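> The amino acid sequence is not available; the structure is as follows:
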């Protein structure tokens, strides 16, 4: 009986140790806010799926803010890029290095909506930095005439 209890305890300790290595506090992720209200948030495996965000002229005076988490590291040479559906760069927003790991990057919604050309109503929002040089698509921005959608 003592041997069974010892093995069970050893197994429990091993499982707890493995779980502590797989949990990633301060992991990679991002949040997108519209006027300080969160509209999109993704972390870990969720980041493999690109979600949509709707913006329209009624939100033109609003502010879109992005906070990117680099596993507790400070992002350097941070860039937010807007591309069209054919992956053509329409606008690049550069942000200074921040003294803290998660620092807000804000863009006026009007500056994004002004990039819409013709009937193409979808723009793509990308983030890149020294820590993420290949960049990551954060969201597809739908610029239709419907109300702003918060996901």
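Structure's in. What do you need? Small disclaimer: the values here were computed from a predicted structure and weren't measured.

> use CA for all of it now, contacts and neighbours both
OK.

> Pick out the residue nearest the middle of this protein.
Centroid-nearest residue in the chain, with CA atoms, centre = their mean: residue 30, separated by 3.0 Å.

> hey, what's that one bridged with?
Beta-bridge partners for residue 30, by DSSP bridges, are residue 42, residue 68.

> any idea how far it lies from residue 94?
Look at residue 30 and residue 94: by CA to CA, to the nearest Å, they are 17 Å apart.

> Isn't residue 128 up against residue 76?
No: contact criterion CA atoms under 8 Å: residue 128 and residue 76 do not qualify, at 9.3 Å.

> Give me the distance from the longest strand along the chain to the chain's centre.
Of all the segments of type strand in the chain, defined by DSSP state E, the longest one is strand 132-142. Centroid separation for strand 132-142 versus its chain: 8 Å, with CA atoms, centre = their mean, to the nearest Å.

> please begin residue numbering at 600 from this point
Okay, residue one is now 600; in that scheme the one you just asked about reads as strand 731-741.

> quick one, which of residue 727 and residue 675 is more surrounded?
Taking neighbours as other CA atoms under 10 Å, residue 727 and residue 675 compare with residue 727 leading, 20 against 17.
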